[in-house]
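Undergrad: this one's sequence-less:
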């Protein structure tokens, strides 16, 4: 009788069963294990590949000096003067040699948060400040201006996003706001024909003081970043703002070149040189209350970049 399955195996003597097992192993060995390899699924890899790490934040702080020159017109309590002063003129007369600047960036992949602060205290004398016309409602005549003192702070906040990259060249769009704070004191020669009104008179001088003036401008722009070589980067930025919200109009252009100096304990230090130009046309009030600042500030910048 022929039996199949476990009935046949269970009926075999232990010695005959051992012979069957040995015979089966020999057959498999002779075929190179092809049957077993085809039937047994491949083993899973012992080590799984880790997913790519998400972009992390990096930070950069750049303290600057801005060697400013001024070219434009300012009006303090209705008295307008023309300003034309080079950096050398400002150094001779001012309390500060340069406008002090600080720039901070936080970057994560294509996204960047930015802030910039400028403070300056500028004093100008007769050779660089000339009287112009009086505002409506102000009577009398004034001689040549004696001087102008301006204390000023500018703060920018915004964000940039990289929208295109072509090898070493990256293009960002920029948006944000620029805050201005100013105090201006104008000193003028006094003649007998002047109706002093709201002027403060001391000896032969009359002083017009603006008090604190501030405003906020929206800003939009773009910038280009070009990696010239490892550790060397060229930056070009331009923006426009105001649009009648704060000032009537403003614009800015910056060109800077950064070159790596070295790395210490994970912090990279770079030198920065460049040029910055900033123009604004702002006005408020009428007559003796009028304040106007229609001015271009421009000059070289020099600083130290600290990146971590």
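TA: Structure's in. What do you need? As the structure is a computational prediction, the values presented were derived from the model and not from experiment.

Undergrad: please count neighbours and contacts with C-alpha atoms only from this point.
TA: OK.

Undergrad: sketch out the low-pLDDT regions of the stretch 51-200 of the chain for me.
TA: Scanning the stretch 51-200 of the chain for pLDDT under 70 picks out 51-55, 94-97, 132-145, 189-200.

Undergrad: for burial, what's the neighbour tally of residue 88?
TA: Residues lying near residue 88 (other Cα atoms under 10 Å) number 12.

Undergrad: revised request: answer the last question for residue 230.
TA: Neighbour tally, residue 230, other Cα under 10 Å: 8.

Undergrad: so what does it have for phi and psi?
TA: Backbone torsions of residue 230, given as degrees, to the nearest 10, read phi -50, psi 120.

Undergrad: so how far is residue 258 from it?
TA: Noted for residue 230: a distance of 11 Å to residue 258, by Cα to Cα, to the nearest Å.

Undergrad: what do you get for residue 277?
TA: Note on residue 277: its distance to residue 258, by Cα to Cα, is 18 Å.

Undergrad: more crowded one of those two?
TA: Comparing residue 277 with residue 258 by other Cα under 10 Å, the one with more neighbours is residue 258, at 21 against 17.

Undergrad: list the buried residues of the strand or helix carrying residue 260.
TA: Under the criterion of DSSP states H and E, residue 260 resides in strand 249-264. Under the neighbour-count criterion of 16 or more other Cα atoms under 10 Å, strand 249-264 has 249-260 buried.

Undergrad: domain ranges for this protein?
TA: Using automatic domain parsing, the domains assigned to the chain come out as 6-39, 57-307.

Undergrad: now do the end-to-end distance for the last one.
TA: Just to be clear, that refers to domain 57-307. Using Cα to Cα, the end-to-end distance of domain 57-307 comes to 11 Å.

Undergrad: any idea what residue 176 is bridged to?
TA: Beta-bridge pairing of residue 176, defined through DSSP bridges, involves residue 158, residue 219.

Undergrad: same check on residue 209?
TA: residue 185.

Undergrad: okay, strands next: where are they in the stretch 1-150 of the chain?
TA: Ranges of strands in the stretch 1-150 of the chain, per DSSP state E, counting those that start in this stretch, are 57-66, 69-76, 79-85, 99-108, 111-125, 129-134, 145-166.

Undergrad: er, the stretch 201-308 of the chain actually
TA: Applying DSSP E, counting those that start in this stretch to the stretch 201-308 of the chain gives strands spanning 205-229, 232-241, 249-264, 267-284, 291-307.

Undergrad: contacting residues for the residue most central in space within the chain?
TA: Of all residues in the chain, the one closest to the mean position by Cα atoms, centre = their mean is residue 114, 4.0 Å from it. Residues near residue 114 by Cα atoms under 8 Å, 6 or more residues apart in numbering: 103-106, 156-160.

Undergrad: just the closest of these to residue 308, please.
TA: Nearest to residue 308 among the contacts of residue 114 is residue 106, at 9.9 Å by Cα to Cα.

Undergrad: neighbours around the closest one, how many?
TA: Residue 106 has 17 neighbours, counted by other Cα under 10 Å.

Undergrad: identify the residues contacting the nearest residue to residue 270 once chain neighbours are set aside.
TA: Excluding the flanking residues, the one nearest residue 270 by Cα to Cα, 6 or more residues apart in numbering is residue 260, at 4.1 Å. By Cα under 8 Å, 6+ apart, the contact list for residue 260 reads 231-232, 268-271.

Undergrad: try it again with 7 Å
TA: Each residue near residue 260 by Cα atoms under 7 Å, 6 or more residues apart in numbering is listed here: 231-232, 269-271.

Undergrad: who wins on neighbours among those residues?
TA: Per-residue neighbour counts (other Cα under 10 Å) across those peak at residue 269, which has 22 neighbours.

Undergrad: which residues pair with residue 213 across the strands?
TA: Going by DSSP bridges, residue 213 forms beta bridges with residue 182.

Undergrad: please report how far it lies from residue 258.
TA: Distance of residue 213 to residue 258, computed by Cα to Cα: 35 Å.

Undergrad: any idea of the pLDDT on the nearest residue to residue 298 once chain neighbours are set aside?
TA: Excluding the flanking residues, the one nearest residue 298 by Cα to Cα, 6+ apart is residue 277, at 4.1 Å. With respect to pLDDT, residue 277 has a value of 98.
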